[in-house]
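Engineer: Sequence and predicted model, in that order:
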Amino acid sequence: MVSLRAAAVLACLASLLAMALPAKAQRELRVCADPNNLPFSNEHGEGFENKIVELIANQLGAHLSYTWWAERRGFIRNTLNAGSCDLVPGITNGIEMLRTTRPYYRSGYAFVTRSDGPQVTSLDDPILHRLKIGIQLVGEDGANPPPAEALARRGLIDNVRGYSVYGDYRDEAPAAAIVDAVARGDIDVAVVWGPIGGYFASREPVPLTVSLVTPQSDGPRLPMVFDINMGVRKDRCLRSPGD
């Protein structure tokens, strides 16, 4: 069975493929994704986004093909908007370069700590003033994600250690570095995107605790939880008024 949200994605892609192919041609669902970005995707098809687009391709009766491109600045411009694919999974709202489907999951930032170490209950927990806090920095310019701003508001910037969300791309799992740092004891707590925290915490040699960051919104313009959508080109799959 396909959920209503998944059905919206399927209807959009089915109309896109119908326009793109002759009547007797085999459908092809072209997806652009990062080849080294677990837990989301990799070139071996082991990420959960790989599994989701496989399900979509099966529902559409389409052959699934990939264009692999590292998710860095210029990713959308060089993939989806260059015409090399029809779909990019794992997109948040507000990206002007593309049109998004209805969300198919929702996630947020999480605290990751050693199970035998100090436990953090919220961004307002006084214990944070005594801890080394790892955060993910997004983009080549080290742009601040919402947790960084929230911690700065609380006077905790001197406690913060930055880790690139991309990590070292030569590694098999680049995004694992911040969770590895918690396991080694280099930092006391990581504030990390939920799927990354949960995936890598379960693979560490020591027990780690993962809990959702609270509050889930640090004011009207600083959410900690986001809807996740799939992206298509702006000239495709216009939404109906009820979407």
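Structural biologist: On my side now, so go ahead. Because the structure is a prediction, the values reported are computed rather than measured.
Engineer: Please identify the helix or strand for the residue nearest the centre of the chain.
Structural biologist: Centrality entry for the chain: nearest residue to the mean C-alpha point is residue 90, 5.5 Å, by C-alpha atoms, centre = their mean. Per DSSP states H and E: residue 90 is located in strand 88-92.
Engineer: now residue 199, what's its secondary structure?
Structural biologist: Per DSSP: H, G, I helix; E, B strand; the rest coil, the secondary structure class of residue 199 is helix.
Engineer: swap that for residue 177, please
Structural biologist: Classified using three-state DSSP, residue 177 is helix.
Engineer: Please name the nearest non-neighbouring residue to it.
Structural biologist: Nearest residue to residue 177 in three dimensions, chain neighbours excluded: residue 167, at 4.6 Å (C-beta to C-beta, 6 or more residues apart in numbering). To be clear about C-beta, it is placed using only N, CA and C from the backbone, and glycine gets the same treatment.
Engineer: Tell me the confidence at the residue nearest to the centre of the chain?
Structural biologist: Residue 90 carries a pLDDT score of 95 in this model.
Engineer: And it, how far from residue 75?
Structural biologist: 11 Å (C-beta to C-beta, to the nearest Å).
Engineer: Please apply the same query to residue 102.
Structural biologist: Residue 102 is 22 Å from residue 75, by C-beta to C-beta.
Engineer: re earlier: got the buried residues for the strand holding residue 90?
Structural biologist: By 16 or more other C-beta atoms under 10 Å, the buried positions in strand 88-92 come out as 88-91.
Engineer: now do stretch 26-37
Structural biologist: In stretch 26-37, counting by 16+ other C-beta under 10 Å, buried: 27, 29-37.
Engineer: want to try JSON lines for the residues you listed, with secondary structure, pLDDT and distance to residue 125 as columns?
Structural biologist: Formatted as JSON lines, the buried residues of stretch 26-37 follow (DSSP: H, G, I helix; E, B strand; the rest coil; pLDDT from 0 to 100; distance: C-beta to C-beta, whole Å):
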{"residue": "27", "secondary structure": "coil", "pLDDT": "87", "distance to residue 125": "51"}
{"residue": "29", "secondary structure": "strand", "pLDDT": "95", "distance to residue 125": "45"}
{"residue": "30", "secondary structure": "strand", "pLDDT": "96", "distance to residue 125": "46"}
{"residue": "31", "secondary structure": "strand", "pLDDT": "97", "distance to residue 125": "40"}
{"residue": "32", "secondary structure": "strand", "pLDDT": "96", "distance to residue 125": "40"}
{"residue": "33", "secondary structure": "strand", "pLDDT": "97", "distance to residue 125": "36"}
{"residue": "34", "secondary structure": "coil", "pLDDT": "96", "distance to residue 125": "34"}
{"residue": "35", "secondary structure": "coil", "pLDDT": "96", "distance to residue 125": "38"}
{"residue": "36", "secondary structure": "strand", "pLDDT": "95", "distance to residue 125": "34"}
{"residue": "37", "secondary structure": "strand", "pLDDT": "95", "distance to residue 125": "31"}
